[in-house]
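Undergrad: Could you look at this predicted model? Sequence included:
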Amino acid sequence: MGTNKRYADAIDRRVDERTERVLLRIPPCTIPMQAYGPRPLEWPPDRPAVWAWVSWPHKPAERVAAVAHGWNDRVVVVHWMSPAGELNTVVWRNAVTRRTDRAHG
């Protein structure tokens, strides 16, 4: 018995689209609250634009253009827009740098 090659490309495309939708819903890794340390998070009204290294459970870490919403001496809460919508996570403070107006920050 053979395979129907006539529809193979269309089926492959649908499988790829479904897989992509599932992968977009996987949230980024976050730092557990126990690692925040004794200092409380600060939530300033001015939220600086930052570059943040974000870890994922299913792909390599990536550098994203984000906004820092809160922080302390150990961690930073960052928010950014992705193809899946607005995402947020908590990363180590040394994984974050301020963005500048230059192209490569």
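TA: Now that the structure is in, tell me what you want to look at.

Undergrad: Was I right to think Val76 contacts Val90?
TA: Yes. Between Val76 and Val90 there is a contact at 7.1 Å, judged by C-beta atoms under 8 Å. Any C-beta I mention is one placed from the backbone N, CA and C, and that applies to glycine too.

Undergrad: For the chain, give me the ranges with low pLDDT.
TA: Regions of the chain meeting the criterion pLDDT under 70 cover residues 1-5, 7, 10-12, 15-17, 19-24, 101-105.

Undergrad: got the contact list for stretch 34-45?
TA: Stretch 34-45 is touched from outside by His69, Gly70, Trp71, Asn72, Asp73, Arg74, Val75, Val77, Val90, with contacts defined as C-beta atoms under 8 Å, 6 or more residues apart in numbering.

Undergrad: Could you list which of these belong to helices?
TA: Using DSSP state H, no member of those sits in helices.

Undergrad: Not counting its own residues, what contacts the longest strand along the chain?
TA: Taking DSSP state E as the criterion, the chain has its longest strand at strand 62-71. Contacts with strand 62-71, where a contact means C-beta under 8 Å, 6+ apart, come from 41-44, 47-54, 56, 76-80, 82, 88, 93, 96, 99.

Undergrad: let's see 7 Å
TA: With contact meaning C-beta atoms under 7 Å, 6 or more residues apart in numbering, strand 62-71 is reached by 41-43, 47-54, 76-80, 93, 96, 99.
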